[in-house]
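>>> Give me a model of this one.
(chains A, B and C)
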Amino acid sequence: MILPEQDISVAEAEPNPMLSLLNDEQKQAVLATQGPLLVLAGAGTGKTRVLTTRIAHILLTKLAWPGEILAVTFTNKAAREMADRVSSLTGASQSLWMGTFHSIGAKIIRRHAEKLGLTSSFTILDEDDQLRLIKAILAEKNIDDKSLPPKLFLAIIQSWKDQGLTPAKVNNPGDTQAASGHAVSVYKAYQDRLRQLNATDFGDLILHMLTLFTEHQDVLQEYAKRFKYILVDEYQDTNVSQYLWLRLLASYHKNICCVGDDDQSIYSWRGAEVGNILRFERDYPDAKVVRLECNYRSTPHILAAASALIANNRGRLGKTLWTPVTEGDKIHLKSVWDEGEEARYVGEEVEQLQRKGTDLKQMAILVRAGFQTRAFEERFLTLGVPYRVIGGLRFYERAEIRDAVAYLRVIASPSDDLAFERIINTPKRGIGQATMQQLHTTARAINNSLYHATVHLLQTGALKGKLGQALDKFIQGCERWRSQIGVLPVSEITELVLEESGYRHMWQQEKSPEAAGRLENLKELARAIGEFENIGAFLEHVSLVTEAAGNNDSNDMVSLMTLHAAKGLEFDVIFLPGWEEGVFPHQRALDESGTKGLEEERRLAYVGITRARKRLFISHAANRRIYNQWQSSIPSRFIAEIPQEHVDKISGGLYNAPKPTQRAWQDEVASIMSASSKPAASEAKFSKGTRIFHQKFGYGRIQSVSGDHLEIEFEKAGHKKVLADFVEKA
DNA sequence: CGTTTTTGCCTTTTT
DNA sequence: GGCAAAAACG
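Reported below is the predicted structural model:
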């Protein structure tokens, strides 16, 4: 199936205008259509342009039809962007297989659902549903969910799915003993329940495809032959499942082009394997590798800082980024007293830049963890600076939206027990534990869903009085609403449901300040549904797309987001606050993953720095409040890893005196680090057997110490677990 | 069954 | 210190 070489030279002979926009490396990456290709694309080197031009090139030179090209991304945004740019280059992109791993997975699984024990109308569960399911399983199996919380099982199951392990394939001694040996049987039960519910979770969208391809050669053949060209974005983020799936798909034509940057691998906690990209040349022996190293985004100082920082990581494929730009500010570094001062400082800089003519939408504040946005939000509110938090509260995760969606799920598929349970008593219909128990028992007895159990009980007259009336009204409503499917437009059905179920009324009754916003959201939901063909299409969208509502790019606002959310974005001005040990690098990353964790944190720092086009502000506070306790903190080691010649220290902080050499610079950071490091409070002060006094519990003796947590036998109050800060030596 | 009180956990990052 | 889930109470 290898196509003749001439095809490529034809393209070169008739220079294509879009190719003239590319540099030599980018052209190589576009024109090397045949065989495996790895494009190592450093930050800001134009990888999206390469990907889209490559697709356009394949289409325009007739190497393949749109339906024979598969392009996978990780985010819907990336997919949409790619589709837009391809269609502007070629005029059309509809029939391309372009989307996220998960949306492509859903599409393929729906086509072959019966081979996996599902029907094509299967639902996709969110985390909430998953946890409720696991909780029910734990209860059934009499597993104590205090010592072994559902979240633990979910994490284990997810990581197995990321690794391509079905329950039957979990065999490692370490794995089989996970969660006191219960994890495998819970996983099995969980998968059984999913199948009964005709449901999948996110991991299944990949894992089922893998199963489908390995157990049904004919299906694999169909797709492997169909996709003449495969393109993968952000290859460094693929997990084992995705990796295996891609290898199967590429086994026939072997035209797979993976684009990625090992230095931007920041999702290992979600199962991503940097090894996939590091191993590419071994997996595909005749692979070509193209490095994109010319950065068109950032100024030299910013780029040099990022390069020097990331050079501290081991096991990189290695790239040398350079930029044709010659001028630009150094990185601004500021030391502040506490987070309040940090927010004031950032606020001032933002206002000053705005006065000088920089749009607010060209500025972003990137934090390590979501909660850090709060200090800045408060500051911006008092200053009256418009801002938006990206990725904070997502539209479809709000309670009222999830409730409304649950109604639609029950109407679309009455056997959706999880949705049924969510809304059967919302608004209040007087259904409590006892009634739910009865419904569950009946459902099991008639081997049917909760919905049908309810119908059954109503018919047999087992539900009487107020309860029976309420349930009857509910069922009648559902039947009536369902009968409107295909008759009324979906947005009108939604309105009808919200009105007649009493759900909207419930919020209208509530006088809390959020209620008005919730009603607004419900309106917005009904409007959004109108854009879909049918309820099914909408429900799929809800499960796969997590977008902030009303993301108007036209509004001039400062953006606040996590470093993870910032990947793939760029701004003229970037603020990176909170560069302190423990915050960034995050303590938990260090504790749980050691050097590997530290290197991923460093890659995160690299991602953060390289988001900036013109100006970069890094800051750290000497004191920070954590769990409502003041803690002194020391500057992040990453600050010391940035060569001094690229840094401008802003006066008023700890870094006042300029130091001439890199060595002295590092010494200075080190001295600050040791000067402000506090003695480990509890360990030094308290040990086993120490007699102490507690304001509330009185005198006692320490039984054990672990970090700040003390176990104390009090003379009057008995055995208690207490934080070290609440006790003093007696 | 619904309300109030208490606890416990949080603050890593998410398709 | 704040929020959500669980427990206790009415």
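>>> Mind naming the longest helix for chain A?
When chain A is parsed with DSSP state H, its longest helix is helix A:587-609.
>>> and it, what does it pack onto?
Helix A:587-609 is packed against helix A:300-310, helix A:563-566, strand A:571-576, helix A:637-640, with contacts defined by 3 or more CB pairs under 8 Å, 6 or more residues apart in numbering; DSSP states H and E. All C-beta atoms are positioned from the backbone trio N, CA, C, and that covers glycine.
>>> Dump these into JSON lines; add mean pLDDT as well.
Putting these into JSON lines (pLDDT from 0 to 100) gives the following:
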{"stretch": "helix A:300-310", "mean pLDDT": "93"}
{"stretch": "helix A:563-566", "mean pLDDT": "90"}
{"stretch": "strand A:571-576", "mean pLDDT": "95"}
{"stretch": "helix A:637-640", "mean pLDDT": "93"}
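>>> Which one of the ones you listed lies nearest to DNA strand B?
Judged by CB to the nearest atom of the strand, the one of those that comes nearest to DNA strand B is helix A:563-566, at 3.5 Å.
>>> and the closest one with DNA strand B, contact?
Yes. Against DNA strand B, helix A:563-566 shows contacts by CB under 7 Å from any atom of the strand at A:564, A:565.
>>> Keeping just the C-alphas, turn that helix into PDB.
Coordinates of the C-alpha atoms in helix A:563-566 are reproduced here as PDB (Å, rounded to 0.1, in the frame of the first residue of the first chain):
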ATOM      1  CA  LEU A 563      -0.400  25.600  34.900                       C
ATOM      2  CA  HIS A 564      -2.000  22.400  33.500                       C
ATOM      3  CA  ALA A 565      -4.900  24.300  32.000                       C
ATOM      4  CA  ALA A 566      -2.400  26.700  30.400                       C
END
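>>> Enumerate the positions of that helix that are buried.
By neighbour count with 16 or more other CB atoms under 10 Å, helix A:563-566 contains the buried residues A:563, A:564, A:565, A:566.
>>> on that earlier part again, so which of the helices and strands packed on helix A:587-609 comes closest to residue A:486?
Among those, helix A:563-566 comes nearest to residue A:486, with 38.9 Å by CB to CB.
>>> State the mean pLDDT of the strand or helix carrying residue A:477.
Using DSSP states H and E, residue A:477 sits within helix A:465-483. Across helix A:465-483, the average pLDDT comes to 91.
>>> which residues are in contact with that helix?
The contact list for helix A:465-483 (CB atoms under 8 Å, 6 or more residues apart in numbering) reads A:410-412, A:414, A:424, A:429-431, A:435, A:451, A:454-455, A:457-458, A:463, A:493, A:496-497, A:500-501.
>>> change it to 10 Å
The contact list for helix A:465-483 (CB atoms under 10 Å, 6 or more residues apart in numbering) reads A:407-408, A:410-414, A:420, A:423-425, A:428-432, A:434-435, A:438-439, A:451-452, A:454-455, A:457-458, A:461-463, A:488, A:493-494, A:496-497, A:500-502, A:535.
>>> Just to be careful, could you list which of the residues you listed are in helices?
Per DSSP H, the subset of these in helices is A:407-408, A:410-412, A:420, A:423, A:434-435, A:438-439, A:451-452, A:454-455, A:457-458, A:493-494, A:496-497, A:500, A:535.
>>> The residue in the stretch 601-730 of chain A positioned nearest to DNA strand B: neighbour count?
As assessed by CB to the nearest atom of the strand, DNA strand B sits closest to residue A:627 within the stretch 601-730 of chain A, at 4.9 Å. By other CB atoms under 10 Å, the residues close to residue A:627 number 8.
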